[in-house]
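[1] model this:
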Amino acid sequence: MLEPVNVSLESLNLMTLAPMLIPIVGALLILVVDLFKSNIDKSLYVMLSILFLFTDFMALAGSSSAFMQNGTLLGLFDVMLVDGLAIVSQFIIVVASMLFIPLALTSKRFHEFSYPEFFALFLFMIAGFQFMVATDNLILIFVGLETASLSLYTLIAMHNREKSFEAAVKYFTMGALAAGFYSFGSMIFYAVTGSVEINQIATVLVANGFSDIGFVMVGFAFILASFAFKLSLVPFHTWAPDVYEGSSAAMAGYMSIVPKIAAFIVAMRFFEFLIHSGLVWVEAILYVFVVVTMTAANLWALVQTDVKRMLAYSSISHAGFAMAAVMIGTTQANTALLLYWVLFTFTNLGSFSMLWISRQKKMLPGQNSDHSYEKFAGLVQSSPMAATIMALFMLSLAGVPPFALFWGKMYLISAAVTSGYTVLALIMALNSAIAGYYYLKLIVYMFMKDPVDSRYEKVIGSNLSLSLKTIIGIAAVGTIFAFIAVDPLLQAIGGFVYNSGY
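    Down below sits the predicted model:
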């Protein structure tokens, strides 16, 4: 007869779940409020979302304090893993979300922000990403991934334009394929090691001397393909430009930041033990992905005629750039990746928010794309401040000092040189130079060309609101004055990463 097992709440350490439960409770509350009283002004949902995100932020601050005092925290039968990587990445997720959600107050032409379901799905999505990064259990990673992905598919479709439905279907199809790859890869590693915990998988494989190397290679291929989809690494990037184009500008900017940092953390946990185990072929495959993604995406961006598609390919290139840190696998590289993504959050979200000011419900006669370069021609004449801020974001994305991403790129390239990847560092520097051309192209249009159509000036001038100006202002200040905070950020992030053993 089996004896009952007594499990104390203290041993479960349920506080590790608090940051994830807060947005879930917020989402359910929004749905309940709408159930009892519909047709409430959307600003209430925005305020509730910000309130729960701020509460989530404070819960993360508490978790970070506990981590610095006690080290890595485990909870819920050791399924939850709260370490430095989980804490820093969740801060990025929550802060980026807090910057994104006030943009809902600016919407006068698009209807999706008037639905409470939008805000509920948004909070469910955040909880899914938080579950992804705060565990090394392959099953919980999958649950978090699918929770976030299913919410994101719907958020894209709610934009309610022809291209939005197309984008949602494409993203759903590619996401379903990626989920299948992930499931097959996880199944293979479970069959070989008898565990779904990444740390335990690493321990068993190392102890066996990778005797089942054939299965390991197949499992690695499936897992890599699944996260290459999420990170939009070439050649698994094909969905990204179309999905970004079909989404609202703000949502496209958000997609370029938050889903990718969650995927980076999981990739860091999974691939680095294979690299540190001396499997040269793993390093070689990741090296090829990094170089091809950076270079090909930059070349495609050069020939784009739509600014949003250019920024989509730019985001793919930045993902390849950051993936180099996962391939290098040192503490310095991992610290540089997280610093890079913090700085990228402000710059890229600011860039896509600037596209928000030129949004339209319907195309003008003769207009082929919503954000063509011609639309920004002569912007300095009609809106000199908007042109200046957009130029600032472009210079930062290009890595021009002293703006934000210059420091991120410098530390990433420095990590590559320190680890002996001199050729990779040269390729990274060369790609930064190539990228500078298409960023400067937009600056040339804004400052050196005459306006093409006066109707564009009316569209751009009508979309500025206080909340939009505030978000863009925060992003601009973060981009300009990043050099003041780079060293403290680097020290703080480095402490979290080092104490996590990465």
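[2] Just the buried positions in the strand or helix carrying N334, please.
    Per DSSP states H and E, N334 falls inside helix 331-356. For helix 331-356, a neighbour-count test (16 or more other CB atoms under 10 Å) marks 332-356 as buried. Every C-beta, even on glycine, is put in place using the N, C-alpha and C of the backbone.
[3] from the chain's centre, how far out does the helix or strand that that helix is followed by sit?
    The element immediately downstream of helix 331-356 (helix or strand, assigned by DSSP H and E) is helix 379-382. Relative to the centre of its chain, helix 379-382 is centred 32 Å away, using CA atoms, centre = their mean, to the nearest Å.
[4] who does helix 379-382 touch, helix- and strand-wise?
    helix 384-397, helix 422-448, helix 454-461 (3 or more CB pairs under 8 Å, 6 or more residues apart in numbering; DSSP states H and E).
[5] Need the CA coordinates for that helix. PDB is fine.
    Output of helix 379-382 as PDB, limited to C-alpha atoms (Å, rounded to 0.1, in the frame of the first residue of the first chain):
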ATOM      1  CA  LEU A 379       9.300  64.900 -43.600                       C
ATOM      2  CA  VAL A 380      11.700  67.500 -42.100                       C
ATOM      3  CA  GLN A 381       9.700  70.200 -43.800                       C
ATOM      4  CA  SER A 382       6.300  69.300 -42.300                       C
END
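[6] Buried residues in it, which are they?
    L379, V380.
[7] One more: stretch 424-441?
    Result for stretch 424-441 [16+ other CB under 10 Å]: buried residues L424, A425, I427, M428, N431, S432, I434, A435, G436, Y438, Y439, K441.
[8] Skip the chain neighbours and tell me the closest residue to the first one.
    Read that as L424. Distances taken as CB to CB, 6 or more residues apart in numbering put A416 closest to L424, at 5.0 Å, once the chain neighbours are dropped.
[9] With the second one instead?
    The spatial neighbour of A425 that comes closest, neighbours along the chain excluded (CB to CB, 6+ apart), is A416 at 4.1 Å.
[10] measure the one you found to Y254 for me?
    Between A416 and Y254 the computed distance is 29 Å (CB to CB, to the nearest Å).
[11] K449 contacts A377, correct?
    Yes - between K449 and A377 there is a contact under CB atoms under 8 Å: 4.3 Å.
[12] These two - which one has more neighbours?
    Legend: neighbour count by other CB atoms under 10 Å for K449 and A377, higher for A377 (20 against 16).
[13] can you pull the pLDDT of the more buried one?
    Model confidence at A377, given as pLDDT, is 81.
[14] now S314
    At S314, pLDDT is 91.
[15] Measure how buried it is and give me the count.
    Neighbours around S314, by other CB under 10 Å: 25.
[16] where's it, which helix or strand?
    Secondary structure from DSSP H and E places S314 in helix 307-328.
[17] CA atoms of that helix as PDB?
    Provided in PDB are the C-alpha atoms of helix 307-328 (Å, rounded to 0.1, in the frame of the first residue of the first chain):
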ATOM      1  CA  VAL A 307      10.100  51.100 -44.500                       C
ATOM      2  CA  LYS A 308       8.300  48.500 -42.300                       C
ATOM      3  CA  ARG A 309       9.600  45.600 -44.400                       C
ATOM      4  CA  MET A 310      13.000  47.200 -44.200                       C
ATOM      5  CA  LEU A 311      12.800  47.200 -40.500                       C
ATOM      6  CA  ALA A 312      11.500  43.600 -40.500                       C
ATOM      7  CA  TYR A 313      14.600  42.500 -42.300                       C
ATOM      8  CA  SER A 314      16.700  44.700 -40.000                       C
ATOM      9  CA  SER A 315      15.200  42.800 -37.000                       C
ATOM     10  CA  ILE A 316      16.100  39.500 -38.600                       C
ATOM     11  CA  SER A 317      19.700  40.700 -39.000                       C
ATOM     12  CA  HIS A 318      19.800  41.900 -35.400                       C
ATOM     13  CA  ALA A 319      18.500  38.500 -34.300                       C
ATOM     14  CA  GLY A 320      21.400  36.800 -36.200                       C
ATOM     15  CA  PHE A 321      23.800  39.300 -34.600                       C
ATOM     16  CA  ALA A 322      22.500  38.500 -31.100                       C
ATOM     17  CA  MET A 323      22.500  34.700 -31.800                       C
ATOM     18  CA  ALA A 324      26.300  35.000 -32.100                       C
ATOM     19  CA  ALA A 325      26.300  35.300 -28.300                       C
ATOM     20  CA  VAL A 326      24.500  32.000 -27.900                       C
ATOM     21  CA  MET A 327      27.000  30.300 -30.200                       C
ATOM     22  CA  ILE A 328      30.000  31.800 -28.400                       C
END
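[18] what's the angle between it and helix 422-448?
    Between helix 307-328 and helix 422-448, the angle comes out at 160 degrees (axes from the mean of the first three to the mean of the last three CA atoms, to 10 degrees).
[19] Mind giving me the packing neighbours of helix 307-328?
    helix 239-246, helix 249-255, helix 258-276, helix 280-302, helix 331-356, helix 404-418, helix 422-448.
[20] Please, which helix or strand holds N39?
    Using DSSP H and E, no helix or strand contains N39.
[21] Backbone dihedrals for it, both of them.
    Phi and psi for N39, reported as degrees, to the nearest 10, are phi 60, psi 30.
[22] next one: the one 4 residues further on
    Here is the backbone geometry of S43 (degrees, to the nearest 10): phi -60, psi -30.
[23] Just the mean pLDDT for the strand or helix carrying L468, thanks.
    Using DSSP H and E, the element containing L468 is helix 466-480. The average pLDDT for helix 466-480 rounds to 81.
[24] Same check on stretch 215-226?
    According to the model, stretch 215-226 has a mean pLDDT of 91.
[25] What are the contacting residues of that stretch?
    178-179, 181-182, 184-186, 188-189, 191-192, 205, 210, 236, 270-271, 274, 279, 281-282, 285-286, 289 (CB atoms under 8 Å, 6 or more residues apart in numbering).
[26] picking that back up, give the buried residues for the helix holding L468.
    Buried residues in helix 466-480 (16+ other CB under 10 Å): S467, L468, K469, I471, I472, I474, A475, A476, G478, T479, I480.
[27] for the fourth one, what are its contacts?
    Taking CB under 8 Å, 6+ apart as the contact definition, I471 lies against L99, P102, L103, L349, G350, S353.
[28] switch the cut-off to 7 Å
    Each residue near I471 by CB atoms under 7 Å, 6 or more residues apart in numbering is listed here: L99, P102, L103, S353.
[29] how much space between it and I389?
    Taking CB to CB, one finds I471 at 11 Å from I389.
[30] Turn the helices and strands packed on helix 379-382 into TSV, including distance to K308 and mean pLDDT.
    Listed next are the helices and strands packed on helix 379-382 as TSV, based on distance: least, CB to CB, whole Å; pLDDT from 0 to 100:
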stretch	distance to K308	mean pLDDT
helix 384-397	13	88
helix 422-448	11	90
helix 454-461	15	54
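[31] Which one, of those helices, ends up nearest to L412?
    L412 sits nearest to helix 422-448 of all the helices and strands packed on helix 379-382, at 6.9 Å, using CB to CB.
[32] could you say what helices and strands the closest one packs with?
    helix 280-302, helix 307-328, helix 379-382, helix 384-397, helix 404-418 (3 or more CB pairs under 7 Å, 6 or more residues apart in numbering; DSSP states H and E).
[33] what's the angle from the last one to helix 384-397?
    For helix 404-418 and helix 384-397, the angle between their directions (the same axes, to 10 degrees) works out to 0 degrees.
[34] Not counting residues beside it along the chain, what's closest to G194?
    V204 (7.1 Å).
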